[in-house]
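Participant: sequence first, then the predicted structure, then my questions.
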Number of protein chains: 2
Amino acid sequence: MARMDAVSKRTVGKIEKLAEAVLASVKGRKNPFVEIPIRSLANVHFDARKGLVQLGKQKQKRYFFNVAMAKKFMQTFLVSDACKELVESGKTTSIRDLYYITKHSIGETRQNTFEEQDESDPIIEDLEVALDSLREELHLFASRKGSMVGPVTIRDSGDTIDLRRMGSGGWAVPSIVEENVVQIGKHEARYILLIEKDAVWSRFNEDKFWKREKCIIIQGGGQPPRGVRRMVQRLHSELKLPVYVLVDNDPWGFYIYSVMKQGSINLAYESMRMAVPSARFVGLSSFDKDRYELPMNVAIKMDDGDVARARQMLAYPWFTGKQWQREIQEMIRSGVKFELEALSRRGISFITEEYLPKKLKDRDWLE
Amino acid sequence: MARMDAVSKRTVGKIEKLAEAVLASVKGRKNPFVEIPIRSLANVHFDARKGLVQLGKQKQKRYFFNVAMAKKFMQTFLVSDACKELVESGKTTSIRDLYYITKHSIGETRQNTFEEQDESDPIIEDLEVALDSLREELHLFASRKGSMVGPVTIRDSGDTIDLRRMGSGGWAVPSIVEENVVQIGKHEARYILLIEKDAVWSRFNEDKFWKREKCIIIQGGGQPPRGVRRMVQRLHSELKLPVYVLVDNDPWGFYIYSVMKQGSINLAYESMRMAVPSARFVGLSSFDKDRYELPMNVAIKMDDGDVARARQMLAYPWFTGKQWQREIQEMIRSGVKFELEALSRRGISFITEEYLPKKLKDRDWLE
């Protein structure tokens, strides 16, 4: 067994406690159960004070001696056992891999523990909420994307990496960036800039915007994966730096901002550790087409799906403020959306040399 | 104007030559034209000696004084002019961005130079073949994915990066890895391992397989993007190292191998600089299910699309060898496919500790 760090010890402790409670039930001749917080929409709410989408207090009991629940009960312990092994051995793996690891036939039957990954994934989520451990702490990860550079030194798995000297490529943000893997070291950054698109991030990197502005630039290739969101959240909370989000002017871009800021409904239990309620939206705003004189031939017509999506957002509890209502209504009214690249019509480095510096100087952002 | 390196000077020279030829035509009162190699299937062939998919010698002339061709003629020069500016200023950008940069209305008309990006992309490809310059040399890139670590030092945009110390994340492979951006330095690698999947690459990185085996591991998140393929090709040709390709056992995995090895039909003109004809396929092979005792419950049933795709591959000129015919026929016969992760059923590090070492030791690969 590899020597475990404090985070891993705590996680293993939680898994053991879960198993011990079940054993105690068996010894006491009771029907063993696990208690799992309910993850459905009915148990999700927006905590306006914290600015986070959060899980409520409703729980369900999953009993062993219950025909409808027995299989899930068994699966829960199969997954928790595999995670315990992973954590103890100091290895991490993908949720796809976990499905294969835990898939086998039961005894002499032709019954499988899991038929498809869509059976094991919800069990992982159950376990995350039941243990109050992110999947990363269970040494599991989903897919990853994204890269990062800036005036900061990090340690990743024992290697010291200077993100001031990462060339055009940058450091590939891993899936798991928990404290036991990635530590944040010396830095001179003043803020964090999360950019929706890789190509736009490359513009900021090539123009050495991060050096001039002393900021950390990070991108997640569209909707940022968990590793990127968790990295932003850690940089924000540990370095006490503000976060700015730069996305396309379309409902999808607004949604990316929304998830980074408040968390998502599907994964409400992780908001606390993934979201940054104070994150600021620096565009593209629906009013930038006039403010930055974008010609109409770089506009893209919204389709019915876009309009419906924008209308939904008007009702989001965190978009009920006057500014956001005005912002979304202008998008619907105009019927057009804009990509960040549309700013290149004003010059290839317009976005790094004029657009964003002006936005920041004028404090022209939405919160 | 930024000081230009040799590669950039050559590219600008080619663009200028193209323009000068047109000017000379105008002065000579001739109808100016550009000559562009034809990129359709009819002009693509497999060069068995070189082991590459290549473009033939057919060309078409695009005239200025021709109603059907005038717009494309104009677009060609619009794009080439924008590329010249990019190269001269030492900046790079995405093909999406180039579309925005070159999009404007023509004179007083409401006619646009380009309506959509699907008009400007083919013009870029035209220009690549006409100039015999990769788009990367024109300072253009498409999307990127992928990461790399191993016993090698590189220089990227002036930064020295030790790929032996890149933690769990790795160096994010940029879109453009031409000699003027990325230089390959000191190394102790014995071979290059291209892995289809990020999650599997993470297993190889976490297990420090590259350190033990002295190899460079690189992944492109599925079908590797141009940056990754070009990087593999450069590592192969400059360091004289063999390339091994590790992919899923399905038609898509075979196709990934095929593109890395021979190039693709769509972009035959770039094969010479993107493909590695001597690349070796180290699985998953259709025979590995027996050889490595994979239980049948980790097999995935092939659907009709898979079978049709596999049948197509039987006819590929580069898969006509006995071994490959046997390989593909076994896949069709068995009706099942396997993901690399299926090997985890035998243990989480089975792939790094037993599977691949045995494959390499037994020289159990296909070429």
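Facilitator: Structure's in. What do you need?
Participant: any chance you could map the helices in the stretch 201-350 of chain A?
Facilitator: Along the stretch 201-350 of chain A, the stretches classed as helices by DSSP state H, counting those that start in this stretch are A:209-213, A:226-239, A:251-262, A:271-274, A:288-291, A:304-314, A:322-334, A:350.
Participant: least confident of those helices, on average?
Facilitator: Ranked by mean pLDDT, those bottom out at helix A:271-274, with a mean of 88.
Participant: where does chain A have low pLDDT?
Facilitator: A:1-2 (pLDDT under 70).
Participant: can you check which helix is longest in it?
Facilitator: helix A:6-27 (DSSP state H).
Participant: who are the packing partners of that one?
Facilitator: Applying 3 or more Cβ pairs under 8 Å, 6 or more residues apart in numbering or on different chains; DSSP states H and E, one finds that helix A:6-27 makes contact with strand A:33-37, helix A:70-89, helix A:117-131. Placement of C-beta: from N, CA and C, glycine included.
Participant: any buried residues in the shortest one, and which?
Facilitator: Using 16 or more other Cβ atoms under 10 Å in any protein chain shown as the test for burial, strand A:33-37 gives A:F33, A:V34, A:I36, A:P37.
Participant: in JSON lines, list the helices and strands packed on helix A:6-27 along with distance to B:K9.
Facilitator: JSON lines is the format used below for the helices and strands packed on helix A:6-27 (distance: least, Cβ to Cβ, whole Å):
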{"stretch": "strand A:33-37", "distance to B:K9": "64"}
{"stretch": "helix A:70-89", "distance to B:K9": "53"}
{"stretch": "helix A:117-131", "distance to B:K9": "52"}
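Participant: closest to B:K208 out of those?
Facilitator: Smallest distance to B:K208 across the helices and strands packed on helix A:6-27 (Cβ to Cβ): 14.1 Å, for helix A:70-89.
Participant: what sits against the residue nearest the centre of chain A?
Facilitator: Taking Cα atoms, centre = their mean, the centroid of chain A lies closest to A:R226, which sits 3.4 Å from it. By Cβ atoms under 8 Å, 6 or more residues apart in numbering or on different chains, the residues touching A:R226 are A:R135, A:E136, A:F141, A:A142, A:S175, A:E270, A:M274.
Participant: now do 10 Å
Facilitator: Going by Cβ atoms under 10 Å, 6 or more residues apart in numbering or on different chains, A:R226 touches A:134-136, A:141-144, A:175-177, A:220, A:267, A:270, A:273-274.
Participant: same check on A:A310?
Facilitator: A:D250, A:P251, A:F254, A:S286, A:M302, A:E327, A:I328, A:Q329, A:M331, A:I332, A:K337.
Participant: neighbours of the fifth one, how many?
Facilitator: Spelled out, it's A:M302. 19 (other Cβ atoms under 10 Å in any protein chain shown).
Participant: do I have it right that it meets A:K337?
Facilitator: Yes. With contacts counted by Cβ atoms under 10 Å, A:M302 reaches A:K337, the gap being 5.4 Å.
Participant: select, out of the helices of the stretch 201-350 of chain A, the one closest to B:Q312.
Facilitator: Taking Cβ to Cβ, helix A:304-314 is the member of those nearest to B:Q312, at 34.3 Å.
Participant: can you check what angle separates that closest one from helix A:251-262?
Facilitator: Relative orientation of helix A:304-314 and helix A:251-262, computed by axes from the mean of the first three to the mean of the last three Cα atoms, to 10 degrees: 30 degrees.
Participant: show me what from the stretch 251-367 of chain A comes close to chain B.
Facilitator: Residues of the stretch 251-367 of chain A lying close to chain B (Cβ under 10 Å from any Cβ of the partner chain) are A:294-298, A:300, A:338-349, A:351.
Participant: quick revisit: determine which two of the contacts of A:R226 are furthest apart.
Facilitator: The span of the contacts of A:R226, defined through Cβ to Cβ, is set by A:S143 and A:R273 at 19.0 Å.
Participant: quick one, phi psi at the nearest residue to A:P151 once chain neighbours are set aside?
Facilitator: Once flanking residues are discounted, A:P151 sits nearest to A:E188: 4.2 Å by Cβ to Cβ, 6 or more residues apart in numbering or on different chains. Main-chain torsions, A:E188, degrees, to the nearest 10: phi -130, psi 20.
Participant: which of the contacts of A:R226 count as buried?
Facilitator: Counted by 16+ other Cβ under 10 Å, these give A:134-136, A:141-142, A:144, A:175-177, A:220, A:267, A:270, A:273-274 as buried.
Participant: much appreciated, bye for now.
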